[in-house]
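S.K.: How does the following fold in three dimensions:
(chains A and B)
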Amino acid sequence: DVKVTQSSRYLVKRTGEKVFLECVQDMDHENMFWYRQDPGLGLRLIYFSYDVKMKEKGDIPEGYSVSREKKERFSLILESASTNQTSMYLCASSGGRQVRSGANVLTFGAGSRLTVL
Amino acid sequence: QKEVEQNSGPLSVPEGAIASLNCTYSDRGSQSFFWYRQYSGKSPELIMFIYSNGDKEDGRFTAQLNKASQYVSLLIRDSQPSDSATYLCAVKSGGSYIPTFGRGTSLIVHP
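M.R.: Model (predicted):
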């Protein structure tokens, strides 16, 4: 089974702090994603990466940056945390973009619940 | 703007009944369709995916796809209280990396 591991389940940070959320997958997947999930708003894509050092903005990239130096690791960075970034953050990975392939399926990590005070 | 619409619910069904969850999408180029289940406080997990028009069955779950009408549905037969969760529909265009998710339908199965 693919495993996507997020480094922290729960974090509490202060406004203005720099926050790192780490995600590691163990199945050599090409694609990795960072979402945030808020009640009533569903999953919103922050950034995704389709290869090492490659990244593309999602729907809500403002206030976030990402790093993918190794294929298995995708980090989300909040340069200066704000209270409106309090949320559940979900990392996911998938193996490709081919149609009619199970490689399309996203496998999610357990999530990181961030509270910014 | 690609859109995926789901009724937020909650959909409440008695134990043993059939639960029917629906999803419509706007992008006619969509080629891959997914249903994920998300329990409260947990992350989404795949139930099944479908690519071709018609039905696809997996145990108590059946996905139905109608590309002409741009909808995909999920039927859960013999619903159990353990099926109570939020069900997310996701749609992906051919050649795209990124699926578009609906906001999910909350299902409650009561004994």
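S.K.: who are the neighbours in contact with residue 79?
M.R.: Because you didn't say which chain, this covers chain A. A:Lys18, A:Gly63, A:Ser65 (C-beta atoms under 8 Å, 6 or more residues apart in numbering or on different chains). Every residue, glycine included, has its C-beta placed from N, CA and C.
S.K.: Sorry, I should have been clearer: chain B.
M.R.: When contacts are counted by C-beta under 8 Å, 6+ apart, B:Ser79 touches B:Val13, B:Pro14, B:Glu15, B:Gly16, B:Ala17, B:Ile18, B:Ala19, B:Leu107, B:Val109.
S.K.: so which pair among these is furthest apart in space?
M.R.: The span of these, defined through C-beta to C-beta, is set by B:Gly16 and B:Leu107 at 14.1 Å.
S.K.: Between the two, tell me which one has more neighbours.
M.R.: Each of B:Gly16 and B:Leu107 has its neighbours counted (other C-beta atoms under 10 Å in any protein chain shown); B:Leu107 has more, 22 against 11.
S.K.: Is the more buried one in contact with B:Ser82, as I believe?
M.R.: No: when contacts are counted by C-beta atoms under 8 Å, B:Leu107 is not listed as touching B:Ser82 (11.0 Å).
S.K.: Which stretches in the chain count as strands?
M.R.: No chain was given, so I picked chain A. A:4-6, A:10-13, A:19-25, A:31-38, A:42-51, A:54-57, A:65-70, A:73-78, A:87-94, A:107-108, A:112-116 (DSSP state E).
S.K.: Switch to chain B, please.
M.R.: B:4-5, B:11-14, B:19-25, B:30-38, B:45-50, B:54-58, B:61-66, B:71-76, B:85-93, B:100-101, B:105-110.
S.K.: Would you mind putting the ones you listed into a markdown table with mean pLDDT alongside?
M.R.: What follows is those, written out as a markdown table (pLDDT from 0 to 100):
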| stretch | mean pLDDT |
| --- | --- |
| strand B:4-5 | 96 |
| strand B:11-14 | 97 |
| strand B:19-25 | 97 |
| strand B:30-38 | 94 |
| strand B:45-50 | 95 |
| strand B:54-58 | 96 |
| strand B:61-66 | 97 |
| strand B:71-76 | 97 |
| strand B:85-93 | 95 |
| strand B:100-101 | 94 |
| strand B:105-110 | 97 |
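S.K.: Tell me which of the ones you listed sits most buried.
M.R.: Burial of those is given as mean neighbour count (mean count of other C-beta atoms under 10 Å in any protein chain shown); strand B:85-93 ranks first at a mean of 24.
S.K.: okay, the angle between it and strand B:19-25?
M.R.: Using axes from the mean of the first three to the mean of the last three C-alpha atoms, to 10 degrees, the inter-axis angle of strand B:85-93 relative to strand B:19-25 is 30 degrees.
S.K.: right, quick check: strand B:85-93 against chain A, any contact?
M.R.: Yes: using C-beta under 8 Å from any C-beta of the partner chain as the criterion, contacts between strand B:85-93 and chain A involve B:Leu88, B:Ala90, B:Lys92.
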